[in-house]
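**Q** Got a predicted model here, sequence first, then my questions.
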Amino acid sequence: MNSQFEGVSAALRDLIKAEISLGSDFIKSVTGLDVPSLGDSLRSGRDRMTKSCCRIPPPCWMPQPLGDCISHVGQCRTACVRLVISNCDRVARTVTVEAVDKSGNVTVTPASLTLGPMERGSISVCLPVPQHAADGTRYETLIWVRGCKEQFLRWTVSVATVGFDSCHEIAVDDCPDLLHHWYDHFYCARPCRTDGRTPPAGAHG
(Lines give C-alpha, C1' and ligand atoms only; values in the text may rest on other atoms or scores of the structure.)
Protein backbone atom coordinates (compact mmCIF):
# COMPACT_ATOMS: atom_id res chain seq x y z
CA MET A 1 0.00 0.00 0.00
CA ASN A 2 2.79 2.43 0.92
CA SER A 3 4.60 1.74 -2.33
CA GLN A 4 1.44 2.62 -4.28
CA PHE A 5 1.13 5.98 -2.51
CA GLU A 6 4.83 6.65 -3.06
CA GLY A 7 4.33 6.02 -6.76
CA VAL A 8 1.38 8.45 -6.90
CA SER A 9 3.37 11.06 -5.01
CA ALA A 10 6.34 10.73 -7.36
CA ALA A 11 4.08 10.95 -10.42
CA LEU A 12 2.38 14.07 -9.07
CA ARG A 13 5.75 15.67 -8.31
CA ASP A 14 7.00 14.94 -11.83
CA LEU A 15 3.80 16.38 -13.30
CA ILE A 16 4.21 19.65 -11.35
CA LYS A 17 7.85 19.92 -12.41
CA ALA A 18 6.88 19.36 -16.03
CA GLU A 19 4.19 22.08 -15.88
CA ILE A 20 6.61 24.55 -14.29
CA SER A 21 9.24 23.75 -16.93
CA LEU A 22 6.68 24.15 -19.73
CA GLY A 23 5.57 27.53 -18.35
CA SER A 24 9.16 28.71 -18.00
CA ASP A 25 9.97 27.70 -21.58
CA PHE A 26 6.89 29.54 -22.85
CA ILE A 27 7.80 32.76 -21.00
CA LYS A 28 11.38 32.56 -22.26
CA SER A 29 10.20 32.05 -25.86
CA VAL A 30 7.99 35.16 -25.63
CA THR A 31 10.21 37.51 -23.61
CA GLY A 32 13.68 36.06 -24.09
CA LEU A 33 14.20 36.15 -20.31
CA ASP A 34 15.12 33.24 -18.09
CA VAL A 35 12.67 32.49 -15.29
CA PRO A 36 14.38 31.72 -11.95
CA SER A 37 13.68 28.30 -10.55
CA LEU A 38 11.44 27.85 -7.53
CA GLY A 39 14.46 26.88 -5.44
CA ASP A 40 16.33 30.06 -6.43
CA SER A 41 13.29 32.20 -5.59
CA LEU A 42 12.89 30.57 -2.18
CA ARG A 43 16.59 30.99 -1.39
CA SER A 44 16.51 34.64 -2.48
CA GLY A 45 13.48 35.37 -0.30
CA ARG A 46 15.06 33.56 2.63
CA ASP A 47 18.28 35.56 2.23
CA ARG A 48 16.34 38.86 2.19
CA MET A 49 14.42 37.88 5.32
CA THR A 50 17.63 36.88 7.09
CA LYS A 51 19.38 40.17 6.25
CA SER A 52 16.32 42.19 7.27
CA CYS A 53 15.54 40.49 10.56
CA CYS A 54 19.14 40.20 11.70
CA ARG A 55 20.15 43.84 11.09
CA ILE A 56 20.91 45.47 14.42
CA PRO A 57 20.25 49.25 14.43
CA PRO A 58 22.24 51.73 16.54
CA PRO A 59 21.38 51.57 20.26
CA CYS A 60 18.72 53.97 21.50
CA TRP A 61 21.26 55.92 23.58
CA MET A 62 23.34 56.82 20.50
CA PRO A 63 22.43 59.76 18.21
CA GLN A 64 20.08 58.60 15.46
CA PRO A 65 20.99 59.47 11.84
CA LEU A 66 18.52 61.39 9.68
CA GLY A 67 20.54 60.69 6.53
CA ASP A 68 22.46 62.91 4.12
CA CYS A 69 21.13 65.92 2.20
CA ILE A 70 22.90 67.70 -0.69
CA SER A 71 21.82 71.14 -1.96
CA HIS A 72 23.05 72.46 -5.32
CA VAL A 73 22.94 76.27 -5.59
CA GLY A 74 24.66 79.13 -7.38
CA GLN A 75 26.55 82.14 -6.12
CA CYS A 76 24.50 84.81 -4.31
CA ARG A 77 21.76 82.28 -3.72
CA THR A 78 20.53 80.67 -0.51
CA ALA A 79 20.36 77.01 0.41
CA CYS A 80 17.95 75.94 3.15
CA VAL A 81 16.79 72.82 4.91
CA ARG A 82 13.34 72.96 6.49
CA LEU A 83 13.00 70.48 9.33
CA VAL A 84 9.36 69.51 9.86
CA ILE A 85 9.40 68.14 13.41
CA SER A 86 6.55 66.08 14.87
CA ASN A 87 6.18 65.48 18.60
CA CYS A 88 4.50 62.07 18.66
CA ASP A 89 4.47 61.87 22.44
CA ARG A 90 1.54 62.55 24.77
CA VAL A 91 3.41 65.28 26.66
CA ALA A 92 4.67 68.69 25.54
CA ARG A 93 8.32 68.86 24.55
CA THR A 94 10.88 71.49 23.58
CA VAL A 95 13.01 70.62 20.56
CA THR A 96 16.24 72.50 19.83
CA VAL A 97 18.25 72.60 16.61
CA GLU A 98 21.96 73.38 16.35
CA ALA A 99 24.04 73.72 13.16
CA VAL A 100 27.74 72.95 13.40
CA ASP A 101 29.67 74.36 10.43
CA LYS A 102 33.03 75.96 9.66
CA SER A 103 31.74 78.87 7.58
CA GLY A 104 29.94 80.52 10.49
CA ASN A 105 27.22 81.76 8.13
CA VAL A 106 24.53 79.16 8.81
CA THR A 107 21.40 80.48 10.53
CA VAL A 108 18.78 78.51 12.44
CA THR A 109 15.27 80.03 12.64
CA PRO A 110 13.89 79.56 15.23
CA ALA A 111 16.50 77.83 17.36
CA SER A 112 13.87 75.88 19.31
CA LEU A 113 10.22 74.83 19.26
CA THR A 114 7.84 73.93 22.05
CA LEU A 115 5.40 71.37 20.71
CA GLY A 116 2.33 70.05 22.47
CA PRO A 117 1.26 66.40 22.26
CA MET A 118 1.13 65.29 18.61
CA GLU A 119 1.88 68.83 17.38
CA ARG A 120 4.14 69.65 14.48
CA GLY A 121 6.30 72.64 13.67
CA SER A 122 9.18 73.62 11.40
CA ILE A 123 12.68 75.04 11.84
CA SER A 124 14.72 76.39 8.90
CA VAL A 125 18.48 76.07 8.57
CA CYS A 126 19.88 78.34 5.84
CA LEU A 127 23.23 79.19 4.27
CA PRO A 128 23.66 82.19 1.91
CA VAL A 129 26.29 81.38 -0.71
CA PRO A 130 28.75 84.28 -1.14
CA GLN A 131 29.40 85.83 -4.54
CA HIS A 132 33.08 84.89 -4.52
CA ALA A 133 32.44 81.16 -3.91
CA ALA A 134 34.05 79.14 -6.70
CA ASP A 135 32.18 76.44 -8.59
CA GLY A 136 32.69 73.11 -6.89
CA THR A 137 32.97 74.60 -3.39
CA ARG A 138 31.29 72.42 -0.78
CA TYR A 139 30.05 73.54 2.63
CA GLU A 140 29.57 70.77 5.17
CA THR A 141 27.15 71.26 8.06
CA LEU A 142 26.12 68.89 10.82
CA ILE A 143 22.58 69.64 12.02
CA TRP A 144 21.63 68.39 15.48
CA VAL A 145 17.98 67.93 16.51
CA ARG A 146 17.55 67.39 20.24
CA GLY A 147 14.19 66.57 21.75
CA CYS A 148 12.96 63.23 22.99
CA LYS A 149 15.76 61.78 20.87
CA GLU A 150 19.09 63.16 19.70
CA GLN A 151 19.21 63.03 15.92
CA PHE A 152 21.58 64.44 13.30
CA LEU A 153 21.51 65.33 9.60
CA ARG A 154 24.59 65.67 7.38
CA TRP A 155 23.98 68.62 5.04
CA THR A 156 26.22 69.49 2.10
CA VAL A 157 25.85 72.66 0.02
CA SER A 158 27.53 72.29 -3.37
CA VAL A 159 28.18 75.48 -5.36
CA ALA A 160 27.64 75.38 -9.12
CA THR A 161 26.63 77.76 -11.89
CA VAL A 162 22.92 77.34 -11.23
CA GLY A 163 20.82 80.43 -10.69
CA PHE A 164 18.35 79.00 -8.22
CA ASP A 165 17.77 78.90 -4.51
CA SER A 166 17.40 75.51 -2.87
CA CYS A 167 15.12 74.36 -0.07
CA HIS A 168 14.82 70.74 1.06
CA GLU A 169 12.14 69.56 3.46
CA ILE A 170 13.12 66.87 5.95
CA ALA A 171 10.53 65.09 8.13
CA VAL A 172 11.73 64.48 11.70
CA ASP A 173 9.66 62.23 13.97
CA ASP A 174 10.60 62.92 17.58
CA CYS A 175 9.06 59.84 19.17
CA PRO A 176 9.82 57.77 22.26
CA ASP A 177 10.74 54.16 21.58
CA LEU A 178 8.47 52.21 23.91
CA LEU A 179 9.15 48.75 22.52
CA HIS A 180 11.50 46.20 24.02
CA HIS A 181 13.58 44.75 21.18
CA TRP A 182 15.39 41.44 21.03
CA TYR A 183 18.68 43.16 20.23
CA ASP A 184 18.56 45.38 23.35
CA HIS A 185 20.26 42.58 25.30
CA PHE A 186 23.33 42.69 23.07
CA TYR A 187 24.25 46.31 23.82
CA CYS A 188 26.68 47.41 26.48
CA ALA A 189 28.31 50.80 26.90
CA ARG A 190 31.88 51.02 25.60
CA PRO A 191 32.66 54.73 25.92
CA CYS A 192 35.66 56.36 24.26
CA ARG A 193 38.65 57.20 26.41
CA THR A 194 38.44 60.71 27.80
CA ASP A 195 42.18 61.40 27.48
CA GLY A 196 45.22 60.22 25.59
CA ARG A 197 47.04 58.66 28.53
CA THR A 198 48.26 55.08 28.29
CA PRO A 199 46.46 52.83 30.79
CA PRO A 200 48.64 51.29 33.50
CA ALA A 201 49.93 47.75 33.09
CA GLY A 202 47.29 45.16 33.82
CA ALA A 203 44.40 47.59 33.31
CA HIS A 204 41.66 46.70 30.87
CA GLY A 205 39.60 49.30 28.92
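**A** On my side now, so go ahead.
**Q** how about stretch 172-191: buried residues?
**A** Of the residues in stretch 172-191, those buried by neighbour count under the rule 16 or more other CB atoms under 10 Å are 172, 174. Placement of C-beta: from N, CA and C, glycine included.
**Q** what residues does it touch?
**A** Residues from elsewhere that reach stretch 172-191, judged by CB atoms under 8 Å, 6 or more residues apart in numbering: 56-57, 59-61, 66, 83-89, 93, 95, 115, 145, 147-149, 151.
**Q** For this protein, which segments count as helices?
**A** Using DSSP state H, the helices of the chain run over 2-31, 38-53.
**Q** In terms of mean pLDDT, which of these ranks lowest?
**A** Averaging pLDDT over each of the helices of the chain singles out helix 38-53 as the lowest, with a mean of 55.
**Q** Identify the residue spatially nearest to Val125, adjacent ones excluded.
**A** On the basis of CB to CB, 6 or more residues apart in numbering, the spatially nearest residue to Val125 that is not a chain neighbour turns out to be Val81, at 4.8 Å.
**Q** From the structure, what's the count of residues near the one you found?
**A** Look at Val81: counted by other CB atoms under 10 Å, it has 25 neighbours.
**Q** for Cys76, same thing?
**A** When counting by other CB under 10 Å, one arrives at 13 neighbours for Cys76.
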